[in-house]
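Novice: Return a 3D structure for these sequence lines:
(one chain, ligands or ions: 2)
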Amino acid sequence: MAFPVIKHVRAFVVRGGGADYHDQGDGHWIDDHIATPMSRYPEYRQSRQSFGINVLGTLVVEIEAADGTIGFAVTTGGEPAAYIVEKHLARFLEGRDPTEVEKIWDQMYFSTQYYGRKGLVVNAISGVDLALYDLLGKLRQEPVYALLGGKVRDELTFYATGARPDLAKQMGFIGGKMPLHHGPAEGEEGLRKNIEELATMRERCGEDFWLMFDCWMSLDLNYATKLAHKAHEYDLKWIEEALSPDDYWGYRDLKKNAPKGMLVTTGEHEATRWGFRMLLEMECCDIIQPDVGWCGGVTELIKIANLADSKGVMMIPHGSSVYSYHFVITRHNSPFAEFLMMAPKADEVVPMFHPQLIGEPVPVNGKLKLSDAPGFGVELNREVGLHRPYAR
Ligand SMILES: C[C@H](O)[C@H](O)[C@@H](O)[C@@H](O)C(=O)O
Ligand SMILES: [Mg+2]
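Specialist: Ligands and ions are numbered 1, 2, ... in the order given. Predicted coordinates:
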């Protein structure tokens, strides 16, 4: 079966929520005194937007085939990522057979290795790779999960990330991951407040509901160890991304220090098979959490997930809407998925990448059956104000 060649690659930017889901309005739980590496500076402690967590905005990648079929994807990256797509990556796609996914990925990665390897450049590569999978699904008239080997279960089961695990339990989620609000700079008082918040949620949620802390890279090994042991009293299921993504040695030690039965997780700011090989071979964590829009896309996540599977480590992608759902449903070592509560008070289920994806599915009672619509099963909302800063 011959496929139409790729004619155009276009990169757009969009502001206001969507794939850059930290780009929210005032009063949102996701920007309310959450501990970060910048919390050591009091002026940057209350709001992550104050230090620029939302500076990039959303990157939209569109890939148009010669027959007019368009695949697209959204991720975090904004104008700098759009520049990389238009000025550097597009040359490896335009005029090419869209089924050459591995060769295209290889050329995108190794042509940018001298200035990329992780972060923004791999976000851009991920956006292109996701758009290519969406295009392939539309050309083959198959959902992406069918391109990845098919479903291993009928539906997805979710935990919820947000400030209100008690409400998440009422909505049918299997667990609630809370943002950690106080880091080492706030001393013993901050540590006490963290534990008090956990104790309150344990009281409201009962014994069996999963509760987790998301520490967003904010801690040091000693603080993380103390937090884990104090939280063990309230049956914290996992402590997430406690340390810097570069501190593989610290994660190795935290996994040894953590109470028996508590999971150590990380990976959302890690990238490529090589980064995750380091986490796995140094035995840094019990669950890896790559974001498919940041780690290299589907093509790279296949390699990452298989590495984890070979070591008996769960791979639960960081919340990335349909882009992770289509992957998770095909993997035995991904038994559940993350859903990020994007309602400002975390009190209702709204589409994670709202308003960018038309037809974006959401869990109902904590579960979701994916449709068999082609590609990732969503369409781009062209009313969101697409801007193409580096049109060619
Ligand atoms: C809730 C966390 O602080 C982040 O905002 C969240 O995006 C990420 O860490 C997650 O695991 O969902
Ligand atoms: Mg996280």
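Novice: Before we go further, Ala146 is sitting in a helix, right?
Specialist: Yes. According to DSSP: H, G, I helix; E, B strand; the rest coil, Ala146 belongs to a helix.
Novice: Just want to check the distance between it and Gly296.
Specialist: 21 Å (CB to CB, to the nearest Å). C-betas here are computed from N, CA, C, even on glycine.
Novice: tell me the contacts of Val5?
Specialist: Going by CB atoms under 8 Å, 6 or more residues apart in numbering, Val5 touches Ala65, Ala66, Gly95, Arg96, Asp97, Pro98.
Novice: so what pLDDT did it get?
Specialist: If you check Val5, the pLDDT there is 98.
Novice: Kindly report the same for the one 3 residues further on.
Specialist: Confidence per residue is given as pLDDT, and for His8 that number is 98.
Novice: Compare Ala146 and Gly296 (neighbour count), which wins?
Specialist: Using other CB atoms under 10 Å as the criterion, Ala146 and Gly296 rank with Gly296 on top: 29 against 16.
Novice: Pull the contacting residues for the more buried one.
Specialist: Counted by CB under 8 Å, 6+ apart, Gly296 has contacts Trp105, Tyr109, Val122, Ile125, Ser126, Asp129, Ala271, Thr272, Arg273, Ile304.
Novice: can you check Arg331 too?
Specialist: Arg331 touches Val152, Ala305, Asp309, Met315, counting by CB under 8 Å, 6+ apart.
Novice: Most neighbours of all the residues you listed, which one?
Specialist: The most crowded member of the contacts of Arg331, judged by other CB under 10 Å, is Ala305 (28 neighbours).
Novice: pretty sure that residue contacts Asn333?
Specialist: Yes. Taking CB atoms under 8 Å as the definition, Ala305 is a contact partner of Asn333 at 6.8 Å.
Novice: Relative to ligand 2, which residue of the stretch 101-250 of the chain is the closest?
Specialist: Nearest to ligand 2 in the stretch 101-250 of the chain, going by CB to the ion, is Asp214, at a distance of 4.3 Å.
Novice: would you list every one of the strands in the protein?
Specialist: Assigned by DSSP state E, the strands in the chain fall at 6-14, 58-65, 70-76, 156-161, 175-179, 210-214, 236-240, 263-266, 287-288, 314-315, 337-340, 357-358, 367-368, 379-380.
Novice: hang on, the earlier thing: any idea which of the contacts of Arg331 is closest to Gly116?
Specialist: Comparing the contacts of Arg331 against Gly116 with CB to CB places Ala305 closest, at 21.6 Å.
Novice: distance of the residue nearest to the closest one when sequence neighbours are not counted from ligand 2?
Specialist: Once flanking residues are discounted, Ala305 sits nearest to Met315: 4.6 Å by CB to CB, 6 or more residues apart in numbering. The spacing between Met315 and ligand 2, counted by CB to the ion, to the nearest Å, is 14 Å.
Novice: Could you tell me how far Met315 is located from Phe110?
Specialist: With CB to CB as the criterion, Met315 and Phe110 are 24 Å apart.
Novice: cool, and Phe339?
Specialist: Here Phe339 is placed at a distance of 35 Å from Phe110 (CB to CB).
Novice: ok, the two, which is more surrounded?
Specialist: When Phe339 and Phe110 are compared for neighbours, Phe339 comes out ahead with 26 against 10, by other CB under 10 Å.
Novice: Okay, and the beta partners of the more buried one?
Specialist: Counting by DSSP bridges, Phe339 is bridged to Ala160.
Novice: and stretch 322-331, average pLDDT?
Specialist: Averaged across stretch 322-331, the pLDDT comes to 98.
Novice: ok, now stretch 310-318?
Specialist: 97.
Novice: can you give me the helices in the stretch 51-200 of the chain?
Specialist: In the stretch 51-200 of the chain, the helices defined using DSSP state H, counting those that start in this stretch lie at 78-84, 101-112, 120-140, 144-147, 165-170, 187-205.
Novice: and those helices, which is most packed in?
Specialist: Mean neighbour count (mean count of other CB atoms under 10 Å) peaks for helix 120-140 among the helices of the stretch 51-200 of the chain, with a mean of 26.
Novice: Tell me which other helices or strands that helix touches.
Specialist: strand 6-14, strand 58-65, strand 70-76, helix 78-84, helix 101-112, helix 144-147, helix 298-310 (3 or more CB pairs under 8 Å, 6 or more residues apart in numbering; DSSP states H and E).
Novice: Need the overlap of contacts for Ala305 and Asn333.
Specialist: Contacts common to Ala305 and Asn333, judged by CB under 8 Å, 6+ apart, are Met315.
Novice: Using CSV, lay out the contacts of Arg331 together with distance to Leu180.
Specialist: Output for these, formatted as CSV (distance: CB to CB, whole Å):
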residue, distance to Leu180
Val152, 33
Ala305, 27
Asp309, 29
Met315, 23
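Novice: Pull the most distant pair out of these.
Specialist: Spatially, the most separated pair among the contacts of Arg331 is Val152 and Met315, at 13.0 Å (CB to CB).
Novice: Not counting sequence-adjacent ones, nearest residue to Leu368?
Specialist: Sequence neighbours aside, Leu156 is the residue nearest to Leu368 in space, at 4.6 Å (criterion: CB to CB, 6+ apart).
Novice: hmm, I was thinking of Gly27
Specialist: Closest to Gly27 by CB to CB, 6+ apart is Pro344, at 5.8 Å.
Novice: rewinding a little: can I get the helices and strands packed on helix 120-140 in CSV with distance to Ser320?
Specialist: What follows is the helices and strands packed on helix 120-140, written out as CSV (distance: least, CB to CB, whole Å):
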stretch, distance to Ser320
strand 6-14, 16
strand 58-65, 12
strand 70-76, 8
helix 78-84, 15
helix 101-112, 18
helix 144-147, 13
helix 298-310, 10
